[in-house]
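Asker: Sharing a model prediction with you, sequence too.
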Amino acid sequence: MLQLGLGATGITVATVAEAREFAAAGIADIFVAYELADPAQIAELLRLGDRTRVSVAVDSVAGGRLLSDGARERGVELPVVLEIDLGIGRTGAPPEAAIETARDVASLPGLVLVGVFGFRGPYSYARRDGKSLDSWGREEGEALVSCAQRLREAGYRIARVSAGSTPTALPASTVTGITEVRPGQYVFGCANVFAQGAMRPDQAAFFVRATVISRSETGAVVDAGSKALSSDEAWRPGDGFGYLAEDPSSHLMGLWEEHGVIELGPDSLRLRVGDRVSIVPNHVCSTLNLHQRLMALRAGRVEALWTVRARH
């Protein structure tokens, strides 16, 4: 709701459980940017359409048939957005197959093809061939706009052209023809986003508080391990699993379920058993999902407690 108040016009989610929570909160436009293949999940998503606008990703005629079956059973039309594989090899129709896939999906009863979207993210330095993040993001936007134009020329009414993870959202949005971007990590930031150059470290707004439980000559052990921080690796090799907000030169280099081993920088050697520290994790999405509540602070004072809902 805070984001809507600042100009966001809808929300992107990855699960029906997330869609359910946001629909209950009154969000008027929800896009499930994830292919659904479970009839029960499809049925629940369609029920949510009774109280909010919902749309969902599709990248194949096989997936489209499942969505079509659910829509026909409920007697509704479901807006679908064709995912285009922008080179990371995950989901999405190959660009060269976009028209064929669109034709097959659009022919299915109960489905209305409304747009295209893609996810390129920062993957990876090697694939970027030394390109700046700005040029990498603009290429993402240009690829989607080009695909949308080919589909329009083939007779499809493509209104939505959706781009952008946090690292590529701003440069992709500068491309004429992009109608929306879908950043997520920008809300809090994390070590990997900073390493990618998408945000500044001083914009970090998410920290895991931990207590030093043991000390060595050059290191400290804290009571936060993979259960609190996730085990997602660093974007830059050698950066460990996060760093101390108070001292970015102190990296979390070892991780067990309940233990985190910090290699201390010179300015942190004064840490003692019992001291509290704030850790900036590598990946805010998976870390946030591990916690039930967030404590929101401003100038060191607690302003709110937020319940984390629809956890996976």
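Answerer: It's in. Residues are numbered from 1 along each chain as shown.
Asker: correct me, but V308 touches T287?
Answerer: No. Using CB atoms under 8 Å as the test, V308 is too far from T287 to be in contact (10.7 Å). Where C-beta positions appear, they are placed from N, C-alpha and C, glycine not excepted.
Asker: Tell me which of the two has more neighbours.
Answerer: Taking other CB atoms under 10 Å, V308 and T287 do not tie; T287 has more neighbours (24 against 12).
Asker: and the more buried one, what does it touch?
Answerer: 190, 206, 208, 228-230, 232, 281 (CB atoms under 8 Å, 6 or more residues apart in numbering).
Asker: Please repeat the previous calculation with a cut-off of 7 Å.
Answerer: Residues counted as contacts of T287 (CB atoms under 7 Å, 6 or more residues apart in numbering) are 208, 229-230, 281.
Asker: Next, work out how far apart it and S132 are.
Answerer: Using CB to CB, to the nearest Å, we find T287 at a distance of 28 Å from S132.
Asker: what's the least confident helix or strand in the chain, going by average pLDDT?
Answerer: Scoring the helices and strands of the chain by mean pLDDT, DSSP states H and E places helix 125-128 at the bottom, with a mean of 50.
Asker: doesn't S162 fall inside a strand?
Answerer: Yes. Assessed with DSSP: H, G, I helix; E, B strand; the rest coil, S162 lies in a strand.
Asker: Tell me the bridge partners for the closest residue to it other than its chain neighbours.
Answerer: Nearest residue to S162, sequence neighbours excluded (CB to CB, 6 or more residues apart in numbering): F117, at 3.7 Å. According to DSSP bridges, the residues that bridge with F117 are E83, S162.
Asker: Correct me if wrong: F117 contacts V80.
Answerer: No. F117 lies out of contact with V80 (CB atoms under 7 Å); the separation is 10.6 Å.
Asker: picking that back up, can you pick the most crowded of the contacts of T287?
Answerer: P281 (27 neighbours).
Asker: Who does that residue form a beta bridge with?
Answerer: G242.
Asker: Would you check that A296 makes contact with T307?
Answerer: No. In this structure, A296 is not within contact of T307 by CB under 7 Å, at 11.5 Å.
Asker: The two: who's more crowded?
Answerer: Taking other CB under 10 Å, A296 and T307 do not tie; A296 has more neighbours (12 against 9).
Asker: can you tell me how far that one sits from D223?
Answerer: Computed as CB to CB, the A296 to D223 distance reads 22 Å.
Asker: Please apply the same query to L252.
Answerer: As judged by CB to CB, L252 and D223 stand 12 Å apart.
Asker: neighbour count winner among the two?
Answerer: More crowded of L252 and D223, by other CB under 10 Å: L252, with 29 against 14.
Asker: Mind listing what's buried along the one helix or strand the more buried one maps to?
Answerer: Per DSSP states H and E: L252 is located in strand 247-255. Going by neighbour count (16 or more other CB atoms under 10 Å), the buried part of strand 247-255 is 247, 250-253, 255.
Asker: Where does pLDDT dip in the protein?
Answerer: Along the chain, segments meeting pLDDT under 70 span 123-129, 312.
Asker: centroid residue for it?
Answerer: Residue closest to the mean C-alpha point of the chain, counted by CA atoms, centre = their mean, is G184 at 4.8 Å.
Asker: so who does it touch?
Answerer: Taking CB under 7 Å, 6+ apart, we find G184 in contact with 166, 285.
Asker: separation between it and A310?
Answerer: Counting by CB to CB - G184 and A310 are separated by 14 Å.
Asker: what does S214 give?
Answerer: For S214, the distance to A310 (CB to CB) stands at 36 Å.
Asker: returning to that earlier point: would you quantify the distance from the residue nearest to S162 to E96?
Answerer: In this view, F117 and E96 are 17 Å apart by CB to CB.
Asker: Look at the two and report which has more neighbours.
Answerer: The neighbour comparison of F117 against E96 (other CB under 10 Å) goes to F117, with 26 against 8.
Asker: and that one, what is it in contact with?
Answerer: 33, 81, 83, 162.
Asker: is it possible to export those residues to TSV including neighbour count and distance to A17?
Answerer: Listed next are these as TSV, based on neighbours: other CB atoms under 10 Å; distance: CB to CB, whole Å:
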residue	neighbour count	distance to A17
A33	18	14
V81	23	20
E83	25	20
S162	24	22
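Asker: Now for the residues you listed: which two are most distant?
Answerer: E83 and S162 (9.5 Å; CB to CB).
Asker: can you give me the helices for this protein?
Answerer: Listed in chain order, the helices of the chain (DSSP state H) span 2-5, 16-24, 39-48, 61-74, 98-106, 125-128, 133-153, 169-173, 191-195, 226-229, 284-288.
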